[in-house]
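Participant: quick one: sequence and predicted model below, then my questions.
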Amino acid sequence: MTIINLENGDFSIDNNIVIGRDKSYFDILELVPQNRTWDIGNGYKWIYFENVDIENLIFYVNVCFHNNRLFCIDFGFVTEQEKKLSWDDWSEKEELKRKDIYEEWLTEKIGEKRTYSWGKIGASYDPRGGVSSMVINYVNENKPTENGKF
């Protein structure tokens, strides 16, 4: 199973859950009514997937919709050893290493190209949140996502 379909940007969590621009917030929520959600109240809504086993890695996948249309997917993976760590074990140096690991993983899975007609893929580090992740930002019909940034 390929996680990211480079032709259309679809993201496969498993054979039954494929998140793509053709799916609304309600389409995905119907498939996973037990998942944690967050309605920010300004048109943005999130659906959270935790402990998703994809290709022998344990992923978290956070899916954001704006006005019920797919906006972005923020995702990453952790090892069993990392699951046992706490914020007391955190350091910026280690988190930047994680960003590099995500960049390497993306290159291995999709190559060097990161911009497509349907959106952009990248790895980033958020110093305010102290976390690294991979992000797919989707272009919504003739209108690019906010500044095209991750």
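Facilitator: Everything's here; your move.
Participant: what pLDDT does the closest residue to Thr2 other than its chain neighbours get?
Facilitator: Excluding its sequence neighbours, the residue lying closest to Thr2 (Cβ to Cβ, 6 or more residues apart in numbering) is Ser12, at 6.7 Å. (Glycine included, C-beta is placed from N, CA and C.) Model confidence at Ser12, expressed as pLDDT, equals 94.
Participant: beyond the one helix or strand Gly122 maps to, next helix or strand please.
Facilitator: Here Gly122, judged by DSSP states H and E, is contained in strand 119-126. Past strand 119-126, further along toward the C-terminus, the next helix or strand under DSSP H and E is strand 131-138.
Participant: need the contact partners of that next one.
Facilitator: Contacting residues not belonging to strand 131-138 are listed as 4, 9, 11, 21, 70-76, 95-96, 98-99, 102, 105-106, 118-126, 145, 148-150 [Cβ atoms under 8 Å, 6 or more residues apart in numbering].
Participant: buried residues in that strand?
Facilitator: Within strand 131-138, the residues that qualify as buried are Ser132, Ser133, Met134, Val135, Ile136, Asn137, Tyr138, counting by 16 or more other Cβ atoms under 10 Å.
Participant: how about the last one, nearest residue that isn't a chain neighbour?
Facilitator: To tie it back to what came earlier, the one meant is Tyr138. What sits nearest to Tyr138 in space, not counting adjacent residues and going by Cβ to Cβ, 6+ apart, is Gly119, at 4.1 Å.
Participant: contact partners for the one you found?
Facilitator: The neighbours of Gly119, taking Cβ under 8 Å, 6+ apart as the test, are Gly9, Ile136, Asn137, Tyr138, Val139, Thr145.
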